[in-house]
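Student: got a predicted structure here, sequence first:
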Amino acid sequence: MDLQTIIILSVIGAIVLLLVIGLAVANFAGENLLVVYNKFSKRIVDFNTPLKFAQTVSDNEFHGRVRTTIIPGILTDNYYKETISLSQGVASANNVSAFSVCAHELGHAIQYRDTPEKMKKFGRKLVFCSIVSKLALPFVLIAIPIAFFSIIPAIAVFAVGIFCFLSGLIAKLSTIQIEREASENAIGLLQKYAYFDEEDVKCAKKVLAAAKLTYIASFLKSVLKWTMLVNKYDFY
């Protein structure tokens, strides 16, 4: 076996390995979050409920400006325009998992308070990349018939499609960073206002790590969408 063949086989093997790992993570993350969430929902917190916790944080950190509302769904919690929306199963539960989810959304509120320009820039990038990424497939498909008439224009159109595809990936990567920062803020809030002890904090970090994995999985799903092998089980 010559060197060229070894290199080609090595590259193919590496691609297959990355594909397998990527698919495994992408299809595992949603189910894993539920498993971890349910596991630490058995660890009870003395501090009332996440609703009360959110109000306490709002009063002390935001002068009461951050509101809290309850929405339907499972782990549909989010933060938008100074409003923390908590899913029904989170809002009234007094366990580590529910408090961790609530604190994560409050962590986003901290981001918008402390780094407003950064978050505005992130929001604009997210909207732009979301729109542009939807054009990736059309451009790639258009490039195919063009290639029968002229290869150079076809390559140019195909390149635009690739750019659109990469724009979507850039947005996903930015989201992972933003979510990581929100989780870091969440731990501080749990210690300060929900009086989490060392063991509670360890459990909360595991819940937040499982949630972070879903954002990594979302990125991988975007990368591997063309394989049609990733499922649609998302909480993000």
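Tutor: Yep, that arrived.

Student: and A209, how far from T56?
Tutor: 25 Å (CB to CB, to the nearest Å). Placement of C-beta: from N, CA and C, glycine included.

Student: after the lengthiest helix in the chain comes which helix or strand?
Tutor: Across the chain, the longest stretch assigned as helix under DSSP state H is helix 151-193. Toward the C-terminal end, the helix or strand that comes next after helix 151-193 (DSSP states H and E) is helix 198-224.

Student: tilt between that following helix and helix 151-193?
Tutor: 170 degrees (axes from the mean of the first three to the mean of the last three CA atoms, to 10 degrees).

Student: please name every helix or strand in contact with helix 198-224.
Tutor: On a contact count with 3 or more CB pairs under 8 Å, 6 or more residues apart in numbering; DSSP states H and E, helix 198-224 meets helix 3-40, helix 96-114, helix 151-193.

Student: out of those helices, nearest to D46?
Tutor: With CB to CB as the criterion, D46 lies closest to helix 96-114 of these, at 10.7 Å.

Student: which SS state does I84 fall under?
Tutor: With DSSP: H, G, I helix; E, B strand; the rest coil as the basis, I84 sits in strand.

Student: just checking, it touches E105?
Tutor: Yes. Using CB atoms under 8 Å, I84 is in contact with E105, at 4.9 Å.

Student: now do the SS call for A143.
Tutor: At A143, secondary structure determined by three-state DSSP is helix.

Student: for K121, same thing?
Tutor: helix.

Student: same deal with V132?
Tutor: Counting by three-state DSSP, the backbone at V132 sits in helix.

Student: next, count neighbours for it.
Tutor: 18 (other CB atoms under 10 Å).

Student: tell me how far it lies from P138.
Tutor: 11 Å.

Student: repeat that for S10.
Tutor: Counting by CB to CB, the gap from S10 to P138 is 35 Å.

Student: so which of those two has more stuff around it?
Tutor: Taking other CB under 10 Å, S10 and P138 do not tie; P138 has more neighbours (13 against 10).

Student: dump the residue contacts of the nearest residue to that one once chain neighbours are set aside.
Tutor: Sequence neighbours aside, G161 is the residue nearest to P138 in space, at 7.5 Å (criterion: CB to CB, 6 or more residues apart in numbering). Contacts for G161 (CB atoms under 8 Å, 6 or more residues apart in numbering) come out as L135, A136, L137, P138, F139, V140, I142, A143.
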